[in-house]
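J.: quick one: sequence plus predicted model below, questions after.
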Amino acid sequence: MFQNSFSVGHVASIVVTLLSGAAVMFLRLRASNRPTNMRKIIIPPLGMSTGFLMFVVPETHVPWTWALIAFAAGATVFAYPLIRTSKLERVGGEIVLKRSKMFVFILLGLLIVRLLVHDAVESKVSIPQTGALFFVLAFGMIVVWRIAMLREFMALQRGAGKEIS
């Protein structure tokens, strides 16, 4: 039915990735311009860290150097656009996340890069290892982005005294 390297599983993977990406964009945009607090900044990477349990399964094991490279790529290359397009601002007595109009395009660009790089990685390692590497990359991106947000939140909070919780 499909020619070349496209299989039903491959097409299904792309569709699921696109749907997941659209859901993430929708949720991120909904969170814009709403009051935030320290818990809302810290919880996502903590919740995501449970994903490291996947490494209990031997099929997901990758060399440490690969994992470090994936984490570093997420923490530098992929976190940077998110940090640059997410700013916290004081609005009245609350701190809200203000997103740049470019934020949607940044997320869309990251999704496209992920789809393109995914095929290259998947051609070299197994599907579970590919998932593990992309999880580590995403974790590096989220942790660095949220640390930057936390630093900005704490600076705004210090500047306003004890008004914000």
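T.: Done, it's in.

J.: can you give me the buried ones in stretch 67-77?
T.: In terms of neighbour count (16 or more other C-beta atoms under 10 Å), stretch 67-77 has its buried residues at 67, 69, 70, 71, 73, 74, 75. The C-beta positions use only the backbone N, C-alpha and C, and glycine is treated the same way.

J.: shaky segments in the chain?
T.: 1-7, 9-10, 13, 17, 21, 24-25, 27-33, 160-165 (pLDDT under 70).

J.: repeat the analysis, applying 80 as the threshold.
T.: When residues are selected by pLDDT under 80, those of the chain lie in 1-34, 99-111, 113-115, 117-119, 122, 160-165.

J.: in whichever helix in the chain runs longest, which residues are buried?
T.: Counting residues, the longest helix found in the chain (DSSP state H) is helix 127-159. Residues 129-149, 152-153, 157 are the ones in helix 127-159 that count as buried (16+ other C-beta under 10 Å).

J.: residue 70 against residue 136, yeah?
T.: Yes. Contact status for residue 70 versus residue 136: in contact at 4.3 Å, counting by C-beta atoms under 8 Å.

J.: angle of the helix or strand harbouring residue 70 against helix 127-159?
T.: If you go by DSSP states H and E, residue 70 is part of helix 64-73. Interaxial angle, helix 64-73 versus helix 127-159 (axes from the mean of the first three to the mean of the last three C-alpha atoms, to 10 degrees): 40 degrees.
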